[in-house]
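Trainee: Turn this into a model:
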Amino acid sequence: MSSGEGAGSQVSPPVALAFATVGYIALLIFGLGMLSLFLEQDVIEAPGLGQVPGITAVVFSTAAFALGLWASVRMPHPSFIGVIWISAATVLAYLAGLWLAAVITGTDLGVATGVVGRIATGWFGVAIVASAAVSGWAAIALVRTRARRPEWPWEREDEE
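Mentor: Alright, predicted model coming up:
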């Protein structure tokens, strides 16, 4: 919480951004991992592609998520509509980072485009969007909410 100002206190935008960005990374890794396990498929199924494109895709998407979320939460009264743009930018950055890293590491253009297309049109793309949407919504809710911290009944004696 920003300060103990009672009913008017809220989570500051930088704190919400930090929590949500860490949450996005955790949800993304969890979501992609569980889908990979459930579907019995690798997230990136291309022989010889290596780990660099996947890591680059996560870095690009995390940067897009953080930048989009910061643009949203720093406003005086952030709107939940921002989650749509944050999610779209995040998945597009993931796909762009994946394609770019695949091409730079020497993968054929067709293979790189096929991998990106498979993720964009499959359940893995849904996991990326869902991770960004949940984390972005949570951050905006933290900034918008003016709730007080939980208290035991005996802590409220001075209010009565």
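Trainee: Show me the helices in this structure, by range?
Mentor: 13-39, 52-73, 82-104, 109-121, 123-144 (DSSP state H).
Trainee: closest one to Trp154 among the ones you listed?
Mentor: Taking Cβ to Cβ as the measure, the helices of the chain were each checked against Trp154, and helix 123-144 came out nearest at 27.3 Å. In short, each C-beta sits where N, CA and C put it, glycine included.
Trainee: How far does the closest one sit from its chain's centre?
Mentor: Relative to the centre of its chain, helix 123-144 is centred 5 Å away, using Cα atoms, centre = their mean, to the nearest Å.
Trainee: now the helices of the chain as CSV including mean pLDDT, distance to Glu45 and mean neighbour count?
Mentor: Supplementary listing: these in CSV, determined by pLDDT from 0 to 100; distance: least, Cβ to Cβ, whole Å; neighbours: other Cβ atoms under 10 Å:
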stretch, mean pLDDT, distance to Glu45, mean neighbour count
helix 13-39, 95, 10, 17
helix 52-73, 96, 11, 20
helix 82-104, 96, 12, 21
helix 109-121, 94, 7, 16
helix 123-144, 95, 10, 21
